[in-house]
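A.B. asks: sequence? don't have it. structure:
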């Protein structure tokens, strides 16, 4: 058991980070051992995986070396959607202690599940993320990630408590109150989306508070992509060091990877989450240093083991070792995706979800456009819908009702309040092939 | 007994209204009266014109979203209380008004009220039973 009360700011090595420094040979031996066990366990208990293995003429015994992972079938988001809610579980319900849910590509969410051990592994990933960011016991961690079915809130919460910090579970929203707590509690660490933090800096300014004068010294930002420029701006305007945290609910939540004090790539906790980079067209694994699609395998998950999950995030695994001394490899910061998923206020949204909402109101899909802007750090979603003759009964009230109904349908599916603008016919640009319906005007 | 009114959907964009007027002007169509219902987001322009079919076609050809609705026009004395009397008649008949607008007519001391009712036939019956007249297109568009 690692000490959860490490509070020596002078030493860079927090015992919770010990596994980050495991020599490569031992790490690979551990990974192979876990991989074999994972494949056996999943083959025996998850129907979809067993069927795909059988189709390929594969058995768990075929996995003899780490490289053999390339033989295994992939898992994609649609698999989680198609097996909603419990089809990918490898354990009976009586062994489970938690469900979380996140965006599917259509109207239904995807469900993930955890045993007690799974919660502990997830917690450890977050602890190691916090430690890598310089967080220590006694820090006051203000957690502004959303609490609830979203894995961000509870994920950071458990990890921060376990590292010996005092957690302020504010969740998102109510920015003036957030600033008040930062000042009155003396929060030293903040966790939220980077765009929300920009909004908090703005809010503080309006309240006459200079964040650089607060005890706040560390920010752990994730759930959406953000650039080095944005980092520099945050660090200068708030007087903190800003770290990137990475994760996804399908794997566990936040805590799959995190930057170290070098702030140059995110170390993957690969004793638990085995990373690969593949060519998104050929699906072949690519060597370290080459850009491609990020794929993860959960080496130790029990309730819902995930094998070779295609994240659709584009990145590369750094070939060079990091000066911090960690042996766990780094992935480069995510900047682009290979699908059309949008991230709005840290929430994953697919244009197909907007279409599902519009079809709930109209029999045929009207021409629509998605416009994303950012004001004062907060993402704003606007949906433009072309009015048709059927909609236009010539009364203001009925058009207003239509706007409201569309807004409500969208909220029901993606849980975000969108501004709905009715526009004239032929306003939304038509294009050849796949319509470019999204205009993302946010500067990163 | 009913007048065909043209309604045009307008996004809140500068120059829109003038574009519509220009399109009609190019077609030699005279606007008898208009009303603009607006919200923060959009507007609905309602027009009474003589040659509504040609007007609707040319507006649609110019890319506007057009709807035709039947409205009821009735004359009142252009004096205080003129409108209140008509409103009393229709409300007594249990008819609901969706919207109304007014304009003064060529005839001296008379004004025209244009109504959209939830039950136009019932309203026309009530107005005529009270001895008032409901304008036909001929009444509205014939120059004196």
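C.D. replies: Ah, there it is. This is a predicted model, so every value here is computed, not measured. Residues are numbered from 1 along each chain as shown, chains lettered A, B, ... in the order given.
A.B. asks: where in the chain is pLDDT low?
C.D. replies: Answering for chain A, as no chain was given. A:1-12, A:431-436, A:444 (pLDDT under 70).
A.B. asks: the chain in question should be chain B.
C.D. replies: Residue ranges of chain B with pLDDT under 70: B:107-108, B:143-144.
A.B. asks: biggest strand in it, by residue count?
C.D. replies: strand B:65-77 (DSSP state E).
A.B. asks: how far does that one sit from the chain's center?
C.D. replies: When C-alpha coordinates are averaged (C-alpha atoms, centre = their mean, to the nearest Å), strand B:65-77 and its chain have centres 3 Å apart.
A.B. asks: which other helices and strands does it contact?
C.D. replies: strand B:3-11, helix B:52-61, helix B:82-92, strand B:110-117, helix B:120-129 (3 or more C-beta pairs under 8 Å, 6 or more residues apart in numbering or on different chains; DSSP states H and E). C-beta here means a position set from N, CA and C on the backbone, and glycine is covered the same way.
A.B. asks: next one: stretch B:19-31, is it in contact with chain A?
C.D. replies: No. Using C-beta under 8 Å from any C-beta of the partner chain, stretch B:19-31 never reaches chain A; the gap is at least 11.2 Å.
A.B. asks: and that stretch, how far out from the chain middle?
C.D. replies: Per C-alpha atoms, centre = their mean, the centroid offset for stretch B:19-31 relative to its chain is 17 Å.
A.B. asks: now tell me what touches that stretch from outside.
C.D. replies: Stretch B:19-31 has contacts (C-beta atoms under 8 Å, 6 or more residues apart in numbering or on different chains) with B:8, B:10, B:45, B:47-51, B:54-55, B:58-59, B:62, B:64.
A.B. asks: I'd like those residues as TSV, with distance to residue B:86 and neighbour count appended.
C.D. replies: TSV is the format used below for the contacts of stretch B:19-31 (distance: C-beta to C-beta, whole Å; neighbours: other C-beta atoms under 10 Å in any protein chain shown):
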residue	distance to residue B:86	neighbour count
B:8	27	26
B:10	29	20
B:45	24	22
B:47	22	23
B:48	17	24
B:49	23	22
B:50	24	15
B:51	28	15
B:54	31	14
B:55	27	25
B:58	33	17
B:59	30	22
B:62	35	15
B:64	32	20
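A.B. asks: and those near chain A, which?
C.D. replies: Checking the contacts of stretch B:19-31 against chain A (C-beta under 8 Å from any C-beta), the matches are B:10, B:64.
A.B. asks: ok, and the closest non-adjacent residue to the closest residue to chain B within the stretch 301-444 of chain A?
C.D. replies: As assessed by C-beta to the nearest C-beta, chain B sits closest to residue A:394 within the stretch 301-444 of chain A, at 3.8 Å. Distances taken as C-beta to C-beta, 6 or more residues apart in numbering or on different chains place residue B:7 nearest to residue A:394, at 3.8 Å, with adjacent residues excluded.
A.B. asks: hmm, the one you found is touching residue B:69, no?
C.D. replies: Yes. Residue B:7 is within contact range of residue B:69, at 6.0 Å (criterion: C-beta atoms under 8 Å).
A.B. asks: picking up where we left off before, in a markdown table, list the helices and strands packed on strand B:65-77 along with distance to residue A:312.
C.D. replies: Output for these, formatted as a markdown table (distance: least, C-beta to C-beta, whole Å):
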| stretch | distance to residue A:312 |
| --- | --- |
| strand B:3-11 | 35 |
| helix B:52-61 | 43 |
| helix B:82-92 | 61 |
| strand B:110-117 | 52 |
| helix B:120-129 | 57 |
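A.B. asks: helices of chain A, start to end?
C.D. replies: In chain A, the helices defined using DSSP state H lie at A:24-45, A:47-55, A:77-82, A:116-132, A:151-162, A:175-181, A:194-206, A:228-238, A:351-361, A:396-414.
A.B. asks: closest to residue B:82 out of the ones you listed?
C.D. replies: Across the helices of chain A, residue B:82 has its closest neighbour in helix A:396-414 (25.7 Å, C-beta to C-beta).
A.B. asks: how many residues are close by the one residue in the stretch 101-250 of chain A that gets nearest to chain B?
C.D. replies: Proximity of the stretch 101-250 of chain A to chain B (C-beta to the nearest C-beta) peaks at residue A:199, 24.1 Å away. By other C-beta atoms under 10 Å in any protein chain shown, 20 other residues sit near residue A:199.
A.B. asks: and if you look at residue B:70?
C.D. replies: By other C-beta under 10 Å, 12 other residues sit near residue B:70.
A.B. asks: same deal with residue A:14?
C.D. replies: 24.
A.B. asks: my guess is it meets residue A:134, correct?
C.D. replies: No. At 9.0 Å, residue A:14 and residue A:134 do not qualify as touching, with contact defined as C-beta under 8 Å.
A.B. asks: need the contact list for the residue sitting furthest away from the middle of chain A.
C.D. replies: Most distant from the centre of chain A: residue A:394, at 44.7 Å, with distances by C-alpha atoms, centre = their mean. Counting by C-beta under 8 Å, 6+ apart, residue A:394 touches B:7, B:44, B:46, B:67, B:69, B:116.
A.B. asks: tally of neighbours for residue A:390?
C.D. replies: By other C-beta under 10 Å, the residues close to residue A:390 number 10.
A.B. asks: what sits against the residue of chain B found nearest chain A?
C.D. replies: As assessed by C-beta to the nearest C-beta, chain A sits closest to residue B:7 within chain B, at 3.8 Å. Applying C-beta under 8 Å, 6+ apart to residue B:7 gives the contacts A:392, A:394, B:44-47, B:66-69.
A.B. asks: residue A:385 too?
C.D. replies: Residue A:385 touches A:358, A:366-368, A:406, A:420-423, counting by C-beta under 8 Å, 6+ apart.
A.B. asks: what does chain B put close to chain A?
C.D. replies: Within reach of chain A by C-beta under 8 Å from any C-beta, chain B has these residues: B:7, B:9-11, B:37, B:39, B:41-42, B:44, B:46, B:63-65, B:67, B:69, B:98-99, B:116.
A.B. asks: now these: which count as buried?
C.D. replies: Buried subset of these (neighbour count, 16 or more other C-beta atoms under 10 Å in any protein chain shown): B:7, B:9-11, B:37, B:41-42, B:44, B:46, B:64-65, B:67, B:69, B:98-99, B:116.
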